[in-house]
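S.K.: quick one: sequence plus predicted model below, questions after.
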Amino acid sequence: MTDSPPAPLGTLHRDGEQGGVRIEVLIDATASEVWRALTEPDRLRDWLGDVSGDLRAGGRFRAYFRVSGWNGTGRVEECTEQRGFSAVLQEDDGDGEEATAVTTTSEQDRTRLVVRQTGLPLSMLAAYGAGLQVHVEDLVAHLTGLPGRHTVDRWRELHPSYQALTVRPS
């Protein structure tokens with residue numbers, strides 16, 4: 001019996017010559033707990049990487065995401081406490097901007113998290129999908145006390161599953 005490949009949490013989308021990734025999960029944590037993990041630099045450092053700067057609407061920040069190796073700058077477009085935020089990101093060695101939007105919705109003592117990344121190169125869409133899933137899994141582990149954090153090995157496990165996904169029109 002062979003091990004089946006890990007199931008992707010996300011979907012891949014195409015909008016003209018650019019792509020997007022969408023991941024949705026239900027987390028066993030309150031919206032307040034999720035919000036703090038998404039917006040407090042000390043909490044971000046635990047599950048994502050180093051983020052410094054102004055994380056309020058209109059603010060600019062610098063970030064390095066450990067697992068994916070993403071390194072660049074961003075600006076917060078919108079930020080509504082315990083509801084969501086959007087940011088435009090520019091990788092240091094990248095050509096264009098990409099956008100990330102995060103929404104949170106309370107469902108009793110749990111929180112539905114939806115993360116959308118857009119403006120991604122179509123040729124790298126599966127890589128972005130696997131990377132975003134690793135980040136979301138690490139956030140869930142941080143919030144629920146699951147042991148360990150993921151590494152590039154987890155990305156390597158997920159990447160083939162994302163390569164096999166059909167890219168949907170946006």
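M.R.: Good, I have the coordinates.
S.K.: which sections of the chain are below the confidence cut-off?
M.R.: For the chain, the stretches with pLDDT under 70 are 1-5, 148-149.
S.K.: show me the helices in the protein, by range?
M.R.: 31-39, 41-47, 125-144, 152-163 (DSSP state H).
S.K.: residue 13: which of the ones you listed is closest?
M.R.: Of all those, it is helix 125-144 that lies closest to residue 13, at 8.5 Å by Cβ to Cβ. Placement of C-beta: from N, CA and C, glycine included.
S.K.: the closest one vs helix 31-39, what angle?
M.R.: 130 degrees (axes from the mean of the first three to the mean of the last three Cα atoms, to 10 degrees).
S.K.: out of the helices of the chain, which one sits most buried?
M.R.: helix 125-144 (a mean of 22; mean count of other Cβ atoms under 10 Å).
S.K.: looking at the helices of the chain, spot the one closest to residue 15.
M.R.: The nearest among the helices of the chain, by Cβ to Cβ, is helix 125-144 at 11.2 Å.
S.K.: helices and strands around that closest one, which ones?
M.R.: Contact analysis of helix 125-144 by 3 or more Cβ pairs under 8 Å, 6 or more residues apart in numbering; DSSP states H and E lists strand 10-15, strand 18-27, helix 31-39, helix 41-47, strand 110-121, helix 152-163 as its packing neighbours.
S.K.: what angle separates it from strand 10-15?
M.R.: Using the same axes, to 10 degrees: helix 125-144 against strand 10-15 is 140 degrees.
S.K.: circling back: redo the helices and strands packed on helix 125-144 as a markdown table? Include distance to residue 104.
M.R.: A markdown table is the format used below for those (distance: least, Cβ to Cβ, whole Å):
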| stretch | distance to residue 104 |
| --- | --- |
| strand 10-15 | 17 |
| strand 18-27 | 9 |
| helix 31-39 | 5 |
| helix 41-47 | 14 |
| strand 110-121 | 5 |
| helix 152-163 | 23 |
